[in-house]
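Student: model the structure of this input:
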Amino acid sequence: MSSILVSYSRTLAENYLYNYNCDIGLAARSERLFIIVLTGLFLIPLIGLFIIVIVAFGTAIYRQIKYLKIIKKFEYK
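Tutor: Numbers count the residues shown, from 1 in each chain. The predicted structure follows:
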């Protein structure tokens, strides 16, 4: 669920902010894939999934806060 929130929040922000780089935060798609591969190689995929849940949820919250600040700034101009 948290991985979907990260992608979904970026998609919504790109709809509102046309010329803004919406790829912010720690757990973008490539970082999540890297964590899965790395923990899979060490045979600890459940720990990798736990890390992804924590980091992705934090990224989704961070993106929402950042995008709301940017959208509010554009509304007042």
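Student: and stretch 28-46, how far from the chain's centre?
Tutor: In terms of CA atoms, centre = their mean, to the nearest Å, the centre of stretch 28-46 is set 16 Å apart from its chain centre.
Student: scratch that, stretch 67-77 is what I was asking about
Tutor: On the basis of CA atoms, centre = their mean, the separation between the geometric centre of stretch 67-77 and that of its chain is 20 Å.
Student: cool, stretch 48-66 as well?
Tutor: When distances are taken as CA atoms, centre = their mean, stretch 48-66 is centred 6 Å away from the chain's centroid.
Student: buried sites along that stretch?
Tutor: Neighbour counts using 16 or more other CB atoms under 10 Å place 48, 51-52, 55-57, 59-60, 62-63 of stretch 48-66 among the buried residues. Bear in mind the C-beta positions are built from the backbone N, C-alpha and C, glycine included.
Student: can you pull out the helices in the protein?
Tutor: With DSSP state H applied, the chain shows helices at 2-16, 29-41, 45-75, listed in chain order.
Student: I'd like those helices as a markdown table, with distance to C22 appended.
Tutor: Putting the helices of the chain into a markdown table (distance: least, CB to CB, whole Å) gives the following:
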| stretch | distance to C22 |
| --- | --- |
| helix 2-16 | 4 |
| helix 29-41 | 13 |
| helix 45-75 | 7 |
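Student: which of these sits closest to D23?
Tutor: Shortest separation from D23 across these is recorded for helix 2-16, at 6.8 Å, computed as CB to CB.
Student: dump that closest one to PDB, keeping only the CA atoms.
Tutor: Listed next in PDB are the C-alpha coordinates belonging to helix 2-16 (Å, rounded to 0.1, in the frame of the first residue of the first chain):
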ATOM      1  CA  SER A   2       2.800   2.500   0.900                       C
ATOM      2  CA  SER A   3       4.500   1.800  -2.500                       C
ATOM      3  CA  ILE A   4       1.300   2.600  -4.300                       C
ATOM      4  CA  LEU A   5       0.900   5.800  -2.300                       C
ATOM      5  CA  VAL A   6       4.400   7.000  -3.400                       C
ATOM      6  CA  SER A   7       3.600   6.600  -7.100                       C
ATOM      7  CA  TYR A   8       0.100   7.900  -6.700                       C
ATOM      8  CA  SER A   9       1.200  11.000  -4.900                       C
ATOM      9  CA  ARG A  10       3.700  11.800  -7.700                       C
ATOM     10  CA  THR A  11       1.100  11.200 -10.400                       C
ATOM     11  CA  LEU A  12      -1.400  13.600  -8.700                       C
ATOM     12  CA  ALA A  13       1.300  16.200  -8.200                       C
ATOM     13  CA  GLU A  14       2.400  16.000 -11.900                       C
ATOM     14  CA  ASN A  15      -1.200  16.700 -12.900                       C
ATOM     15  CA  TYR A  16      -1.200  20.000 -10.900                       C
END
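Student: I am finished for the moment; much appreciated.
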